[in-house]
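Student: have a look; sequence and predicted model below, questions after that.
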Amino acid sequence: MRVLVTGGAGFIGANFVHHTHLHRPDVQVTVLDKLTYAANPASLQGTGAQLVHGDIADAQLVDRLVADSDLVVHFAAESHNDNSLRDPSPFVQTNLVGTFTILEAVRTHGVRLHHISTDEVYGDLELDDPAKFTPDTPYNPSSPYSSTKAGSDLLVRAWVRSFGIVATISNCSNNYGPYQHIEKFIPRQITNVLSDLKPKLYGAGENVRDWIHVEDHNAAVWTIIDRGRSGETYLIGADGERNNKDVLELILELMGKPTDAYEHVTDRAGHDLRYAIDAGKLRDELGWAPRYPDLRAGLEQTVAWYTAHRDWWQATKAATEARYAEVGQ
Ligand code: NAD
Ligand code: DAU
């Protein structure tokens, strides 16, 4: 089986390529990645994947690569909410035009697509609301990032219905684990501690995210590829709801620091309050279950990974923090 993985030099995509190399030795992987600031080709070392440096909005290139594939797993995106508030333009280009380009190529060549998306398409929930997102929750995205991801999901649904392409969609909650860019919450705080900088909490830190280990996300993606029904949306989550303050205090405890050794910084504009996933459809219909639901153990492993892989992140630390400092974060 020949699989084209878009965005495979980014966080979840690179973990997907490693997972595939380990568990699916019969699969031949080609990665298509623009190698933006968010990518690190070193993340693919030891996987045997072929890396093609290019843009998912380049129709000729995408057409040629899709023609040589049996399956496309589409991770490529601009993925960071804070960046989308500063400059939404690459989000519209990559997440919408790029996904459109992929859809036209899979339509032309009759190739199966799995589209990777986010729970943020559903907007947010109140802190005291017992409800969780389900596949029937109406779309209500808040940020330029989440609205372009919502738009990309709708394009996929339209191409299934109008043109009969074979495609599945998954919407996952917040991932953590190795190879995540240090602009994101968990690796930012770990690398702050490792750099003798104070961790930074937006606002009061009451916002809740539903954490899942990236390995569980990628195992779920393969489950959907193997057993999912075309046109269906599957929500991926591991019941990992925690507020940001609790997660930060846990990181500090695991790193042997006082649990109040951080500072509050300017809150994110339009900050979504709470995400929570009901993964019942994936569990009941496709038989998936998370293998790493213990956040404490997963964070311990993640702290150990960033501690042992300074060479992977250190060169980007100063510039990442300088960008945050410009906006008081
Ligand atoms: P990331 O930012 O770490 O990686 C994105 C990758 O896409 C990078 O390698 C980047 O170079 C590449 N890319 C960007 N624009 C491109 C373009 N025009 N052409 C080709 N490649 C391009 O993102 P991530 O956190 O690994 O997220 C991957 C996917 O998963 C995204 O679609 C995101 O919306 C989705 N998702 C992420 C999370 C999360 O918690 N990180 C949760 C749910 C869903
Ligand atoms: O829910 C899935 C989404 O999770 C994905 O679609 C996105 O691609 C991914 O980036 C993530 O979005 P968030 O905005 O939830 O993740 P982020 O790591 O940026 O922030 C997590 C929470 O932590 C959020 O409430 C903001 C807060 N935060 C973030 C940073 C970077 C802080 O308090 N301090 C920080 O320094």
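Tutor: On my side now, so go ahead. From a predicted model like this one, the values you see are computed outputs, not experimental measurements. Numbers count the residues shown, from 1 in each chain. Ligands and ions are numbered 1, 2, ... in the order given.

Student: contacts, neighbours, all on C-alpha from now
Tutor: Will do.

Student: show me where the chain has strands.
Tutor: 2-6, 28-33, 50-53, 71-74, 112-118, 167-172, 175-176, 200-202, 208-210, 212-213, 233-236, 241-243, 263-265 (DSSP state E).

Student: start to end distance for stretch 256-274?
Tutor: 28 Å (C-alpha to C-alpha, to the nearest Å).

Student: get me the contact residues on the protein for ligand 1.
Tutor: 6-13, 32-36, 38-39, 54-57, 75-79, 94, 116-118, 172-175, 180-181 (C-alpha under 6 Å from any ligand atom).

Student: can you flag the buried ones in those residues?
Tutor: Neighbour counting over the residues of the chain next to ligand 1 (16 or more other C-alpha atoms under 10 Å) leaves 6-13, 32-35, 38-39, 54-57, 75-79, 94, 116-118, 172-175, 180-181 as the buried ones.

Student: just the ones in helices from those, please.
Tutor: Judged by DSSP state H, these include Phe11, Ile12, Gly13 as members of helices.

Student: pretty sure the last one contacts Leu4?
Tutor: No: in this structure, Gly13 is not within contact of Leu4 by C-alpha atoms under 8 Å, at 10.9 Å.

Student: who in the stretch 101-250 of the chain is up against ligand 2?
Tutor: 118-120, 173-174, 183-185, 200-202, 205, 207, 244.

Student: and the longest helix for this protein?
Tutor: helix 144-163.

Student: and that one, which residues are buried?
Tutor: 144-153, 155-157, 159-160.

Student: dump that helix to PDB, restricted to CA.
Tutor: Output in PDB follows, covering the C-alpha atoms of helix 144-163 (Å, rounded to 0.1, in the frame of the first residue of the first chain):
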ATOM      1  CA  PRO A 144      -9.600  32.000  11.900                       C
ATOM      2  CA  TYR A 145      -7.800  28.700  12.500                       C
ATOM      3  CA  SER A 146     -10.900  26.700  13.500                       C
ATOM      4  CA  SER A 147     -13.100  28.400  10.900                       C
ATOM      5  CA  THR A 148     -10.800  27.400   8.100                       C
ATOM      6  CA  LYS A 149     -10.600  23.800   9.500                       C
ATOM      7  CA  ALA A 150     -14.400  23.800   9.600                       C
ATOM      8  CA  GLY A 151     -14.500  25.000   6.000                       C
ATOM      9  CA  SER A 152     -12.100  22.200   5.000                       C
ATOM     10  CA  ASP A 153     -14.400  19.600   6.600                       C
ATOM     11  CA  LEU A 154     -17.400  21.000   4.700                       C
ATOM     12  CA  LEU A 155     -15.400  20.800   1.400                       C
ATOM     13  CA  VAL A 156     -14.700  17.100   2.100                       C
ATOM     14  CA  ARG A 157     -18.300  16.400   2.800                       C
ATOM     15  CA  ALA A 158     -19.400  18.200  -0.400                       C
ATOM     16  CA  TRP A 159     -16.900  16.200  -2.500                       C
ATOM     17  CA  VAL A 160     -18.300  12.900  -1.000                       C
ATOM     18  CA  ARG A 161     -21.900  13.800  -1.700                       C
ATOM     19  CA  SER A 162     -21.500  15.700  -5.100                       C
ATOM     20  CA  PHE A 163     -18.600  13.700  -6.700                       C
END
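
Student: please renumber so the chain begins at 7
Tutor: Shifting the count to begin at 7 puts that one at helix 150-169.
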